[in-house]
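Asker: the following comprises the amino acid sequence and a computationally predicted model.
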Amino acid sequence: MSIDAKERTADVAIVGAGPVGLTLANFLGCYGISTLVIERGEALIDYPRGVGMDDECLRSFQAIGLVEEVRKHTTPDQWLKFLTASGRCFASVEPRTREFGWPRRNAFIQPLVDRVLLEALGRFSNADVLFGHTLTDFSEDSDGVALTVSDGRGEARKIRARFLVGCDGGRSIVRKIMNVGFEGETESTRWVVIDVRNDPIGVPDAYLYCIPSRPFVSIALPHGIRRLEFMVLGDETEEQLCAPGGLHRLLRQVIPKPEQADIIRARVYTHHARLASSFRIGRALLAGDAAHLMPVWQGQGYNSGIRDANNLAWKLAMVARGAADAALLDSYDAERRTHAAAMISISVTAGRIFSPTRRWVAALRDGLTWVLNAIPAVKNYVLQMRFKPMPRYVRGAVIHDAPGRIPATSPVGRLFIQPSVTTVSGETLKLDDAVGAWFSIVAWGSDPRRHMASETLSFWKAIGARFVLVMPTVQLNGPDVVQHDDGLLVLGDAGGDLKGWFGSNRASFVVLRPDRFVAASAGSLQMIDDVTRRMKLALHAAGLRPCRSGSRCEPR
């Protein structure tokens, strides 16, 4: 695709070269879908913004082959501690689980990770980024979307795409043209954010000092950078606080020689809690901050956007290839809006708990935490970050046994675990790397194909699903393993995690989507035909069907 061409075409046009747009473009590149990213800036934003990355996010970067490059700019296992005015730690978030294959809390430097995502698009011949161009309008017809963009000189240019995704932030022009509401509230409190090189504090982890007179945050970041955030009080202005004198006055609370601080930047931010009324209108969709804004207290704004990209990418790929009707994209809105709303709610609640400016409210909180910390179950709930609402899809591209009575313990609609597995050749891999990046049917102890009717087997082959047999690693060299053909992937349960999962969920097989959510599950392999029948009906209703002309649907 030539940048000098007057008119461009692509399967998917993405507005916004932030982390969500770049991640979505990388997913689509992996799926072989032609993609054009349109960015109004002349280059990537080069100052730090998001600073917290979770395990789900790293798993998404793993799926697009970039996790090791991204991890170079992270600090794994960064704990989060909340301190009272007297210095007592009344809550500490220290999750040590590797349930999804990666540390649950990681500090990171966003511009460096954005650079990894941008440079990785060079892997794909059908992916491009158009910097210095602003979307001015778009219109939709039966075949696609016609976009008008203008460059820095005001010269207009036309772009044609089958679908448009707005990843262009809280002030999204895509959302405004879609005429989608952005409902919610803006907090009255503001915060000044200061990033400093050559960390003058040097203490790892993140600390929230819940001091009523002026709450502030101190976060150790990779590569010797320190993030400091102070609440703005009364009628203080950005000009006052971000002037040298104002910055030194704030920094003096945490370092003895603030005038020596090597400041990268300082800006005042206002926290927002907003949710788009719809994530999809026709061929236009929203993702990331364009779809939802949330206060920073849970560090989930960035991560929620990456979840959007992971959820949306495989659906766009199937529609673009003719493997699904556009109706499948409705499941993106059904699945992601509910979870985004939950993340906004907990972020707002956390802010009210941890940053009260009234002394009596802070004193009440401090006293209550003395009691709660004495209860092991409550303390462990906080330590392991179990308060974080995990995505669970009740509606969408999932098959529940009884939609009206979904058990709370059902694994369907939840993210599947990612333990280490052993291949027949003796190699140890993370599950996703072994299974691949598309649909898979994973069964415990038996070849799932042996229980399928020919019509069932044909359906899953047409979808491009992978058939996986998991067994204890000690059985990998047994005589029954060598009898399996190349159409089956045999894996050893290296640490017993898969045995534990299948046992505790009373499941003999699961259907995993490309984003690693459980689409269906059953307690007997003899139910696989019935599950497939119901999935075919549900997916047909959502627009999904086998690829045309007998071609396979998996990533190229």
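Answerer: Sure, I can see it. Numbers count the residues shown, from 1 in each chain.
Asker: list the buried residues in stretch 520-529.
Answerer: 520-522, 525, 527-529 (16 or more other Cβ atoms under 10 Å). Every C-beta, even on glycine, is put in place using the N, C-alpha and C of the backbone.
Asker: ok, these vs residue 84, which is closest?
Answerer: residue 521 (44.9 Å; Cβ to Cβ).
Asker: re the thing from before, now pLDDT and distance to residue 71 too, for the buried residues of stretch 520-529, in JSON lines please.
Answerer: Shown next, in JSON lines, are the buried residues of stretch 520-529 (pLDDT from 0 to 100; distance: Cβ to Cβ, whole Å):
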{"residue": "520", "pLDDT": "90", "distance to residue 71": "32"}
{"residue": "521", "pLDDT": "91", "distance to residue 71": "31"}
{"residue": "522", "pLDDT": "90", "distance to residue 71": "36"}
{"residue": "525", "pLDDT": "89", "distance to residue 71": "37"}
{"residue": "527", "pLDDT": "89", "distance to residue 71": "40"}
{"residue": "528", "pLDDT": "90", "distance to residue 71": "37"}
{"residue": "529", "pLDDT": "89", "distance to residue 71": "42"}
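Asker: the residues you listed: which two are farthest apart?
Answerer: The most distant members of the buried residues of stretch 520-529, if one measures by Cβ to Cβ, are 521 and 529, lying 14.7 Å apart.
Asker: what about the strands in the stretch 351-500 of the chain?
Answerer: Remark: strands assigned in the stretch 351-500 of the chain by DSSP state E, counting those that start in this stretch are 420-423, 428-430, 440-444, 466-472, 488-493.
Asker: so which of those strands is the most surrounded?
Answerer: strand 440-444 (a mean of 24; mean count of other Cβ atoms under 10 Å).
Asker: tilt between that strand and strand 466-472?
Answerer: 20 degrees (axes from the mean of the first three to the mean of the last three Cα atoms, to 10 degrees).
Asker: quick one: average pLDDT of strand 440-444?
Answerer: Taken as a whole, strand 440-444 has a mean pLDDT of 95.
Asker: can you check what angle separates that strand from strand 488-493?
Answerer: 50 degrees.
Asker: list the helices and strands strand 440-444 packs on?
Answerer: Strand 440-444 is packed against strand 466-472, helix 497-504, strand 509-512, with contacts defined by 3 or more Cβ pairs under 8 Å, 6 or more residues apart in numbering; DSSP states H and E.
Asker: out of those, nearest to residue 336?
Answerer: Comparing the helices and strands packed on strand 440-444 by Cβ to Cβ, strand 509-512 comes nearest, at 18.3 Å.
Asker: so after that closest one, what's the next helix or strand?
Answerer: strand 518-522 (DSSP states H and E).
Asker: list the contacts of that following strand.
Answerer: The list of residues contacting strand 518-522 from outside it, by Cβ atoms under 8 Å, 6 or more residues apart in numbering, reads 397-399, 410-416, 439, 505, 507-513, 528, 530-531, 534-535.
Asker: that older thread, could I get the helices and strands packed on strand 440-444 as JSON lines with distance to residue 122 and mean pLDDT?
Answerer: Shown next, in JSON lines, are the helices and strands packed on strand 440-444 (distance: least, Cβ to Cβ, whole Å; pLDDT from 0 to 100):
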{"stretch": "strand 466-472", "distance to residue 122": "28", "mean pLDDT": "95"}
{"stretch": "helix 497-504", "distance to residue 122": "36", "mean pLDDT": "96"}
{"stretch": "strand 509-512", "distance to residue 122": "30", "mean pLDDT": "94"}
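Asker: what is the nearest of the buried residues of stretch 520-529 to residue 95?
Answerer: Distances from residue 95 to the buried residues of stretch 520-529, taken by Cβ to Cβ, are shortest for residue 521, at 25.5 Å.
Asker: for that closest one, give its distance to residue 293.
Answerer: Distance, residue 521 to residue 293, using Cβ to Cβ, to the nearest Å: 34 Å.
Asker: and residue 519, by the same measure?
Answerer: 30 Å.
Asker: and what of residue 162?
Answerer: In terms of Cβ to Cβ, residue 162 sits 28 Å off from residue 293.
Asker: who's more crowded, those two?
Answerer: Ranked by neighbour count (other Cβ atoms under 10 Å), residue 162 and residue 293 place residue 293 first, with 23 against 19.
Asker: look up the residues forming beta bridges with that one.
Answerer: residue 274 (DSSP bridges).
Asker: contacts only, for it.
Answerer: 170, 184, 272-275, 301, 344.
Asker: need the helices and strands packed on strand 440-444 in CSV (columns: distance to residue 77).
Answerer: Output for the helices and strands packed on strand 440-444, formatted as CSV (distance: least, Cβ to Cβ, whole Å):
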stretch, distance to residue 77
strand 466-472, 28
helix 497-504, 19
strand 509-512, 27
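Asker: and residue 176, which of the ones you listed is closest to it?
Answerer: Once the helices and strands packed on strand 440-444 are compared by Cβ to Cβ, strand 509-512 is nearest, at 37.0 Å.
Asker: against residue 127, how distant is residue 34?
Answerer: 7 Å.
Asker: which of these two has more neighbours?
Answerer: The neighbour comparison of residue 34 against residue 127 (other Cβ under 10 Å) goes to residue 127, with 24 against 20.
Asker: what's the more buried one sitting at in phi/psi?
Answerer: Main-chain torsions, residue 127, degrees, to the nearest 10: phi -130, psi 140.
Asker: mind checking pLDDT for it?
Answerer: Per the predicted model, pLDDT is 96 at residue 127.
Asker: for the nearest residue to residue 441 once chain neighbours are set aside, what are its contacts?
Answerer: Ranked by Cβ to Cβ, 6 or more residues apart in numbering and with sequence neighbours excluded, the top spatial neighbour of residue 441 is residue 448, at 5.0 Å. Applying Cβ under 8 Å, 6+ apart to residue 448 gives the contacts 441-442, 467-469, 509, 525, 528.
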